[in-house]
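1. Return a 3D structure for these sequence lines:
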Amino acid sequence: MRFSELVLQGVRNFKQMHRIPLGAGFSVFVGPSGAGKSSVVDALCHLLHPNPADPATEKFRSAGAEACRAALLIDDDKGRRFRLVQDLASGAISLAQFEATANNYVPVSSAAGEIVQFLSSQVRIPQKDILEGIYIFRAGSLPSGAGAPGRTAAGADRPAGQSSSQPSIPGALAQQATASKGHFPGFQGKDEGSQIITDDVDEMRSQLEILKRDLATAEEMDDMQFKLDGLMSDQFSVDDQLKGVWDAEEKVKELNGELKPFAKLAHLPDDFDRRARDYDSAQQRLDRDMSRLADDEEIWKRRATPSRSHTPLWKDRAFWIGLGMAVLALGAGIAGIKLEQDSLRWLALVDLLGFGIVAATVIRHIDRKQDVARAKSRLLTLGERREKVQRQFEVESTLVRKAMDEIDADTPYEILEMFAQYKSAKEKLAVVKADLQARKDDPGFHELTTRRAQLATEIEQFEQKLKDGEGLMMSKQEMGSRIDNLQERLAEIAPEDPPVAEESGPTGVLDSPFAQGPVLATAEAAAPAWEGPTLSADPFADVVRLARDLLFVTQEQLEPILLPRASQLAALFTDQAYAQLFFEPGGSIECVDSSSGGSVAAVALPVATQDLVLLALRFSVIENMSSRLAIPVLLDDPFGTLPSERLAVVGQVLAGLGKQTQVVMFSSKADWTRYATASFQL
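-> Just a heads-up that it's a prediction; the model follows:
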């Protein structure tokens with residue numbers, strides 16, 4: 001994460017709009033006392049942690065300034081860009097996120113409490129005590145500066161606008177510096193010598209007219225940008241009121257999306273779950289009936305099949321024996337009558353037995369044939385019954401079986417689970433649609449949609465106008481400086497023409513720039529004393545506590561993470577006088593004296609040594625956290641009390657720290673620029 005640009009207007013020394021570029025690496029802004037170094041850090045802290053209950057404050061307003069505004073561009077570790085804008089005097093604040101596809105900023109929130117929470121949870125800005133106790137260094141941040149006002153006193157009694165003499169700039173930077181002014185590379189201030197002005201009066205007047213017209217256009221663009229921010233704030237408010245409708249529409253889309261996988265179940269009736277549950281009982285009933293019918297069929301098949309014992313009548317010996325006995329008996333009887341022999345007549349009675357045998361045989365034969373016919377008839381009945389049972393099952397389970405075939409399910413329980421999800425989503429969809437329709441039927445909805453369309457049109461118009469004005473090649477400060485130079489030059493070579501006073505245009509307002517603009521400041525009255533946290537009796541224990549909160553570890557886990565690197569830095573800063581640090585109960589730091597081998601509490605060290613050990617501890621926390629999340633480090637001229645021989649070592653460490661995270665220093669000493677990635681005159 002890093003800060004890309006800070007824009008101030010009407011903030012203490014920065015009465016007009018000023019852009020302060022905040023690049024990657026180690027950046028140094030050099031300026032005398034009263035140039036606004038602490039004002040920049042104070043404004044940054046206030047922007048990142050406004051008071052949700054009372055975000056308005058007058059402590060930043062420049063004397064006589066109508067507006068008091070600040071804007072900050074933040075690039076987080078996920079590649080997202082956010083614009084944080086606040087009217088410091090009124091407390092109005094807004095946070096927007098840049099959408100690359102739309103090439104525009106989309107509002108996130110305009111509520112201070114929500115913005116603080118969003119910056120903490122989404123952008124991962126540390127809590128206020130961690131930010132000020134670990135990542136912000138001021139004159140009062142070190143034990144030797146405890147009780148200091150937080151600003152360098154040197155040069156405070158100089159007239160406004162007068163710079164102190166800067167130390168020489170060594171190395172390659174000195175060769176690149178501007179000889180006449182002593183400026184170093186990256187200087188973006190006012191340097192009349194760098195502007196070439198023609199001696200042609202007509203040409204100067206033409207340039208003056210063009211510059212004034214361009215300046216008026218730039219001021220108009222600033223005013224349009226402020227109005228655009230207001231329109232976008234109104235749009236955000238309308239969007240917030242329409243959020244319920246949009247959420248409902250989004251929910252409808254979401255539920256429709258959930259229903260898509262169940263499209264094949266859409267034709268099923270609401271009682272399908274009951275039918276699916278009844279499918280098993282119907283299947284069991286079918287299997288039971290089919291099994292019983294199969295058993296009956298087996299029995300009747302045997303009865304319907306004639307066995308070998310079922311011989312035809314003409315092959316039945318009993319039939320022929322009986323018939324023969326009957327015929328012989330009748331013949332004997334007839335003979336006895338003719339011969340008048342009683343014995344033969346009595347023998348005729350045997351025919352009754354013979355005919356009885358014949359009759360019995362015939363009856364038995366007929367019964368067997370009828371039994372086979374009845375068995376065959378029963379088999380037909382059983383077949384019809386089987387078809388009826390099968391047909392009844394198919395009718396009862398047609399819907400379930402069809403659904404199983406369509407979704408390729410093996411059991412109805414697979415469908416039941418899907419149908420339950422489908423039914424639940426369908427019921428939710430009905431509720432959400434009813435709620436959506438009720439919201440759309442509200443007369444206020446139509447008013448809000450109309451208002452939003454109007455705002456969208458106005459915003460588009462303003463954005464187009466701003467886009468049309470992007471062709472200006474100079475910033476407002478550069479144009480103002482050029483106009484002053486031209487007017488002074490005209491007054492010198494054409495005294496008969498009095499210099500034309502610059503017309504006061506509309507007050508410049510904050511825009512959301514992306515390109516680095518010049519950084520200019522007019523030294524005015526000194527800013528109020530620093531209101532940040534003061535050092536406690538044991539600042540080392542405070543840093544340990546904040547480190548635990550920042551890294552989410554216990555003290556036992558923190559020791560191997562923090563102290564090895566802190567010991568290395570302490571040895572480097574103290575010239576090996578104290579090369580080992582360790583924890584005492586309660587979080588206090590003990591230092592091992594390299595000369596005696598004994599340990600001494602860090603708070604008992606000489607104050608100058610305490611400064612160095614505390615720096616080592618805080619730098620170790622920052623380095624360890626940077627491997628997880630890079631958080632910008634801000635330094636407000638904090639090293640005024642450090643021994644001069646230690647400054648070079650600290651500068652080298654800051655240069656190395658700048659490779660891991662963004663480091664921004666505001667100082668009155670130009671010596672720091674030799675270690676910087678970029679440097680600017682403030």
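
2. Show me where the chain dips below the pLDDT cut-off.
-> Within the chain, the stretches with pLDDT under 70 are 52-55, 146-199, 306-311, 467-478, 495-533.

3. Can you tell me which residue sits nearest the middle of it?
-> Closest to where the C-alpha atoms of the chain average out (C-alpha atoms, centre = their mean) is residue 122, at 6.9 Å.

4. so who does it touch?
-> residue 76 (C-beta atoms under 8 Å, 6 or more residues apart in numbering). C-beta: built from backbone N, CA, C; applies to glycine.

5. Over to residue 422?
-> Applying C-beta under 8 Å, 6+ apart, the residues near residue 422 are 259, 262, 265, 266.

6. And it, how far from residue 435?
-> Taking C-beta to C-beta, to the nearest Å as the measure, residue 422 falls 20 Å from residue 435.

7. now do residue 89
-> According to C-beta to C-beta, residue 89 and residue 435 sit 41 Å apart.

8. Looking at those two, which has the bigger crowd around it?
-> Neighbours per residue, other C-beta atoms under 10 Å: of residue 89 and residue 435, the larger number sits with residue 89, 19 against 16.

9. Show me where the chain has its strands.
-> With DSSP state E as the criterion, the chain has strands at 2-9, 18-21, 26-30, 69-75, 81-87, 93-99, 104-109, 136-138, 578-583, 589-593, 599-601, 633-636, 663-667, 678-681.

10. for the ones you listed, which one sits closest to residue 236?
-> When these are ranked by distance to residue 236, counting by C-beta to C-beta, first place goes to strand 104-109 at 3.7 Å.

11. Only the buried residues of the closest one, if you could.
-> 105, 107, 108, 109 (16 or more other C-beta atoms under 10 Å).

12. residues in contact with that strand?
-> Residues from elsewhere that reach strand 104-109, judged by C-beta under 8 Å, 6+ apart: 82-83, 94-99, 115, 118, 232-233, 235-236, 239, 463, 512.

13. Next, the angle strand 81-87 makes with it.
-> 60 degrees (axes from the mean of the first three to the mean of the last three C-alpha atoms, to 10 degrees).

14. Can you list the strands that strand 104-109 pairs with?
-> strand 93-99 (antiparallel) (DSSP bridges).

15. filter the contacts of strand 104-109 to the buried ones?
-> Buried members of the contacts of strand 104-109, scored by 16+ other C-beta under 10 Å, are 82-83, 94-98, 115, 118, 232-233, 235-236, 239, 463, 512.

16. Looking at those, spot the one nearest residue 383.
-> residue 239 (73.8 Å).

17. The closest one against residue 451, yeah?
-> No - between residue 239 and residue 451 no contact is recorded; they are 10.6 Å apart, counting by C-beta atoms under 8 Å.

18. if I look at the two, which residues touch both of them?
-> Contacts common to residue 239 and residue 451, judged by C-beta under 8 Å, 6+ apart, are absent.

19. what's near enough to touch residue 676?
-> 25, 26, 27, 28, 655, 658, 665.

20. same thing but at 10 Å, please
-> Contact analysis of residue 676 by C-beta atoms under 10 Å, 6 or more residues apart in numbering lists 23, 25-30, 173, 184-186, 651, 654-655, 658, 663-665, 667, 670.

21. roughly how far apart are it and residue 246?
-> Here residue 676 is placed at a distance of 48 Å from residue 246 (C-beta to C-beta).

22. now do residue 213
-> In this view, residue 213 and residue 246 are 44 Å apart by C-beta to C-beta.

23. got it, and residue 589?
-> 54 Å.

24. Mind checking which of these two has more residues around it?
-> Legend: neighbour count by other C-beta under 10 Å for residue 589 and residue 246, higher for residue 589 (26 against 12).

25. Could you report the distance from residue 280 to residue 81?
-> Residue 280 is 60 Å from residue 81, where distance means C-beta to C-beta.

26. between those two, who's got more neighbours?
-> Neighbour count, other C-beta under 10 Å: between residue 280 and residue 81, residue 81 has more, with 17 against 14.

27. if you skip the residues just before and after it, what's nearest to the more buried one?
-> residue 98 (4.1 Å; C-beta to C-beta, 6 or more residues apart in numbering).

28. Contact partners for the one you found?
-> Contact analysis of residue 98 by C-beta under 10 Å, 6+ apart lists 73, 75, 80, 81, 82, 83, 104, 105, 106, 512, 514.

29. mind listing what the residue nearest to the fifth one when sequence neighbours are not counted touches?
-> Spatially, and ignoring its direct neighbours in sequence, residue 82 is nearest to residue 74 (4.6 Å; C-beta to C-beta, 6+ apart). Contact analysis of residue 74 by C-beta under 10 Å, 6+ apart lists 1-5, 22, 47-48, 80-84, 95, 97, 119, 123, 125, 632.

30. Alpha carbons of stretch 547-555, in CSV - could you do that?
-> C-alpha atoms of stretch 547-555 as CSV (Å, rounded to 0.1, in the frame of the first residue of the first chain):
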residue,chain,number,x,y,z
ALA,A,547,3.7,-4.5,17.7
ARG,A,548,1.7,-7.4,19.2
ASP,A,549,-1.5,-5.8,18.1
LEU,A,550,-0.1,-5.1,14.6
LEU,A,551,1.3,-8.5,14.0
PHE,A,552,-1.4,-10.4,15.9
VAL,A,553,1.1,-12.4,18.0
THR,A,554,1.7,-13.0,21.7
GLN,A,555,4.8,-11.6,23.4
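
31. So which bits of it are buried?
-> For stretch 547-555, by 16+ other C-beta under 10 Å, it's 547, 548, 550, 551, 553.

32. burial measure for residue 354, as a count.
-> 19.

33. The one 3 residues further on too?
-> The number of residues packed near residue 357 is 19, by other C-beta under 10 Å.

34. I'd assumed residue 8 was in contact with residue 18.
-> Yes - under the criterion of C-beta atoms under 10 Å, residue 18 makes contact with residue 8 at 5.3 Å.

35. More neighbours: which of those two?
-> Set residue 18 next to residue 8 and count neighbours by other C-beta under 10 Å: residue 8 wins out with 30 against 25.

36. Leaving out chain neighbours, which residue sits closest to the more buried one?
-> Using C-beta to C-beta, 6+ apart, the closest residue to residue 8 is residue 14 (4.1 Å).
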